[in-house]
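Please find the sequence and the predicted model below.
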Amino acid sequence: MLSILHKKRLLPELLQDHIDIHCHLIHDIDDGPKTLEDSYLLVKRAMELGIKGFIATPHIMADMYPNTPQNISAKYDELKLHLQQKDCLPKVFKVAAEYMVDDNFEIQLNDKNLLLLSERYVLIEFPFIQIPMNIEFIIDSLFAHEYIPVLAHPERYRYFHEQGDFLTLLKQKGCKFQINALSLSTYYGNSIHKSAMNLLDEGFYSFLGTDIHNQMHLDKLSEIKVKKNMEKLIVPLIENNKNIFT
């Protein structure tokens with residue numbers, strides 16, 4: 001007979017009424033859905049899995065996705081109207097952005113022209129190749145502007161697998177961390193899954209996001225099995241999402 005610690009549940013069972021704070025749902029704006037219908041089908045299926053609310057977070061990257069609050073808001077309004085017409089509007093449906101920490105981000109920060117997850121929380125990401133040289137300055141600047149940075153998927157930055165002390169420094173400064181749901185499996189690779197489990201066990205994360213871009217992500221997410229001991233660590237993150245971002 002299996003120990004209770006080894007009993008597993010499917011991840012969607014834990015995501016009932018979840019508020020997803022990191023997802024790429026808006027059409028034709030980044031590497032997410034390409035058409036309005038693709039966006040609708042992605043939202044519809046995510047809702048069928050139990051997720052009740054979404055803060056859409058399209059990429060803002062100077063070199064690849066030079067989006068602005070204006071064009072993001074226009075696309076968001078178009079999608080929101082389409083979802084209303086399809087009778088598929090979630091209980092919570094907002095828009096923010098996932099900001100690459102690059103030179104352009106520093107300009108936007110100084111202009112106080114950011115799309116926020118909530119009144120103070122801003123979702124940021126780092127380059128996957130190497131950590132930005134000025135990252136401590138950027139983090140300190142965010143706090144100086146009275147924002148709270150939320151670092152997306154720290155487990156996916158492989159340089160942190162060998163430089164974990166820097167994540168500790170960011171945590172001490174007050175930075176929050178968001179784990180990707182797919183990192184609970186080996187979808188991104190074994191080393192990223194291992195990093196996610198270590199950070200989860202050590203209490204680094206505050207929030208959980210799906211980071212869905214397409215139907216395949218939902219396919220994989222729906223298959224993830226969660227052990228009881230992992231469930232105890234994930235549920236508080238899901239509750240944080242509800243309490244802060246509803």
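Cool, the structure landed.

Would you mind writing the CA trace of stretch 166-175 as PDB?
The C-alpha trace of stretch 166-175 is given here as PDB (Å, rounded to 0.1, in the frame of the first residue of the first chain):
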ATOM      1  CA  PHE A 166      21.900  35.400  -6.300                       C
ATOM      2  CA  LEU A 167      18.200  34.300  -6.000                       C
ATOM      3  CA  THR A 168      18.600  34.400  -2.200                       C
ATOM      4  CA  LEU A 169      19.900  38.000  -2.600                       C
ATOM      5  CA  LEU A 170      16.900  38.900  -4.700                       C
ATOM      6  CA  LYS A 171      14.500  37.300  -2.200                       C
ATOM      7  CA  GLN A 172      16.200  39.200   0.600                       C
ATOM      8  CA  LYS A 173      15.600  42.500  -1.300                       C
ATOM      9  CA  GLY A 174      11.900  41.600  -1.500                       C
ATOM     10  CA  CYS A 175      11.600  40.200  -5.000                       C
END
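
how about residue 230, what does it touch?
By C-beta atoms under 8 Å, 6 or more residues apart in numbering, the residues touching residue 230 are 184, 197, 200. For the C-beta atoms, the positions are set from N, CA and C on the backbone; glycine is no exception.

ugh, typo on my part, it should be residue 84
When contacts are counted by C-beta under 8 Å, 6+ apart, residue 84 touches no other residue.

Ramachandran coordinates for it?
Per-residue torsions, residue 84: phi -60, psi -40 (degrees, to the nearest 10).

Let's see the pLDDT reported for it.
For residue 84, the model assigns a pLDDT of 98.

And the residue nearest to residue 171 when sequence neighbours are not counted, how far from residue 227?
For residue 171, ignoring the flanking residues on the chain, the nearest one in space by C-beta to C-beta, 6 or more residues apart in numbering is residue 204 at 6.3 Å. Using C-beta to C-beta, to the nearest Å, one obtains 19 Å as the distance from residue 204 to residue 227.
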